[in-house]
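Q: What follows is a predicted protein model with its sequence.
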Amino acid sequence: MTSTAQAPQSGARTAHPEHLGHVIFIAAAAAMGGFLFGYDSSVINGAVEAIRDRYDVGSAALAQVIAIALIGCAIGAATAGRIADRIGRIRCMQIAAALFTVSAVGSALPFALWDLAFWRVVGGFAIGMASVIGPAYIAEVAPPAYRGRLGSFQQAAIVIGIAVSQLVNWGLLNAADGDQRGKLMGLEAWQVMLGVMVVPAVLYGLLSFVIPESPRFLISVGKHERAREILTEVEGKDVDLNARVAEIEGAMKSEHRSSFKDLLGGGFFFKPIVWVGIGLSVFQQFVGINVAFYYSATLWQSVGVDPADSFFYSFTTSIINIVGTVIAMIFVDRIGRRPLAIIGSVGMVVGLALEAWAFSHHLVDGKLPATQGWIALIAAHVFVLFFALSWGVVVWVMLGEMFPNRIRAAALGVAAAAQWIANWAITASFPSLADWNLSLTYVIYTAFAALSIPFVLKFVKETKGKALEEMG
């Protein structure tokens, strides 16, 4: 006999908090981890050529130093769920903030290439933790009616972090007279670029002390009164608190702390819902989005764009990224997650295919022909726009809400780890693939964007407007 999830009776589904601004602040504070992820992902873009020059390394070795942070991300993501279930979401954020801070200082003051790589792994571990805790925490404190928009704060913070890092890099580069190795404050400019991340890292840590713990975690450790207070804060006084706590307890009653073992089953190692989460994560990365943020300046320079202009184009791409994210935040709770994902996939196929076509032409005097150059530039912005208004937001929102309560933390950890591994695969392989055939590299990304459409249509279920206790 099978059972189905019952609609909640507490009124949570239509809850509207009296102080929505307070709930927005809580979600924004939790999403600061996303800001650090975005900042760290993009700040290295301004240091790539300086690191290559200072340590005299080739493309393959350089790619490993850039990408090695993503291994730390995968480990952090895989372990964060268990850590959060044991010590709480807030304490997990505080650990991540401390690791971010240490990593920023270490990355700014390396004495060797391996030393820089080590600190990038430490920072990556913190990013991985934050990538799991942010969406999970926001999903657990957000009223269902606002959860999609609040969940999209994670991606909004990522794209703002990317834009701010590009702006800071541009400012520091100008202060150093356009030389990434120029002297600033007794250091080389690229070192200052990496060290500046200590500021948002400390801010993230401070904010974690002023936001409440997840009510679901509090109920899991028997702190019911505090959980009721927080539920009143975030869901409003009209919600039947007794029924609401009973709903959460009922969903957790037969549960134990989620573990890797809980994810097994279904005939293909993992449960089907876990494979869907992994698929969303992998497709999000295999379209090549992070090439645009790790290597954009190097990419544009490789097809003849002036270095100063390449930094400008990188910044305009990050602005388009923000615009797309705002569009997604407006529509994610109105038209749903699946329609946005499909719209985005179609747009990405068009943008990537045009880039592949443009890059297939031979360089003339080290540059793309004018027509192909402009098409490549416009298509790159189209690709980023459609990614941002769809998969950039939708995947983070869905990973925070699609799994049943009993496996949410562990399943989110596995899906996020898969995302970081996929990110590493794309980041580490791009320089070699680009040297081999830049056009065919973009054909591969186009193919993955196309394959994401039938994947969503067949396997992904809509989660818009449902309470977390209904996921099953």
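A: All right, it came through fine.

Q: which stretches of the chain form strands?
A: Assigned by DSSP state E, the chain shows strands spanning 183-184, 187-188, 264-268, 270.

Q: Mind putting those strands into TSV with distance to Leu280?
A: Heads up, the C-betas are built off the backbone N, CA and C, glycines and all. Listed next are those as TSV, based on distance: least, CB to CB, whole Å:
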stretch	distance to Leu280
strand 183-184	41
strand 187-188	39
strand 264-268	16
strand 270	13
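
Q: tell me, which of those strands is the model least confident about?
A: Ranked by mean pLDDT, the strands of the chain end with strand 264-268 at the bottom, a mean of 66.

Q: That one: what's the following helix or strand?
A: Next in sequence after strand 264-268, counting helices and strands by DSSP states H and E, comes strand 270.

Q: what's that next one in contact with?
A: By CB atoms under 8 Å, 6 or more residues apart in numbering, the residues outside strand 270 that reach it are Leu263, Leu264, Ile278, Val414.

Q: what about 7 Å?
A: Leu263, Leu264 (CB atoms under 7 Å, 6 or more residues apart in numbering).

Q: Now tabulate the strands of the chain in a markdown table and tack on mean neighbour count.
A: Listed next are the strands of the chain as a markdown table, based on neighbours: other CB atoms under 10 Å:
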| stretch | mean neighbour count |
| --- | --- |
| strand 183-184 | 16 |
| strand 187-188 | 18 |
| strand 264-268 | 10 |
| strand 270 | 18 |
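
Q: Out of those, flag the one nearest Ser152.
A: strand 270 (26.5 Å; CB to CB).

Q: Tell me the backbone dihedrals of Thr463, please.
A: The phi/psi pair for Thr463 (degrees, to the nearest 10) reads phi -120, psi 0.

Q: Please tell me I have it right and it contacts Arg337.
A: Yes: using CB atoms under 7 Å, Thr463 is in contact with Arg337, at 6.1 Å.

Q: okay, and the common contacts of the two?
A: Taking CB under 7 Å, 6+ apart as the contact rule, Thr463 and Arg337 both touch Met398.

Q: Those two: which is more packed in?
A: Taking other CB atoms under 10 Å, Thr463 and Arg337 do not tie; Arg337 has more neighbours (27 against 24).

Q: what residues are up against that one?
A: Val394, Val397, Met398, Glu462, Thr463, Lys464.

Q: From those, pick the one nearest Arg406.
A: Nearest to Arg406 out of the contacts of Arg337 is Thr463 (CB to CB; 16.6 Å).

Q: Contact partners for that closest one?
A: Arg337, Met398, Glu401, Met402.

Q: Throw the residues you listed into CSV and include distance to Gly34 and pLDDT, thanks.
A: Listed next are those as CSV, based on distance: CB to CB, whole Å; pLDDT from 0 to 100:
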residue, distance to Gly34, pLDDT
Arg337, 18, 89
Met398, 15, 86
Glu401, 16, 80
Met402, 18, 82
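
Q: which of the residues you listed lies closest to Tyr294?
A: Among the contacts of Thr463, Met398 lies closest to Tyr294 (CB to CB), at 24.4 Å.

Q: And the strands of the chain: which comes nearest Arg89?
A: Nearest to Arg89, of all the strands of the chain, is strand 270, at 24.0 Å by CB to CB.

Q: Of the contacts of Arg337, which count as buried by neighbour count?
A: Val394, Val397, Met398, Thr463, Lys464 (16 or more other CB atoms under 10 Å).

Q: In helices only, show me the residues you listed.
A: Val394, Val397, Met398 (DSSP state H).
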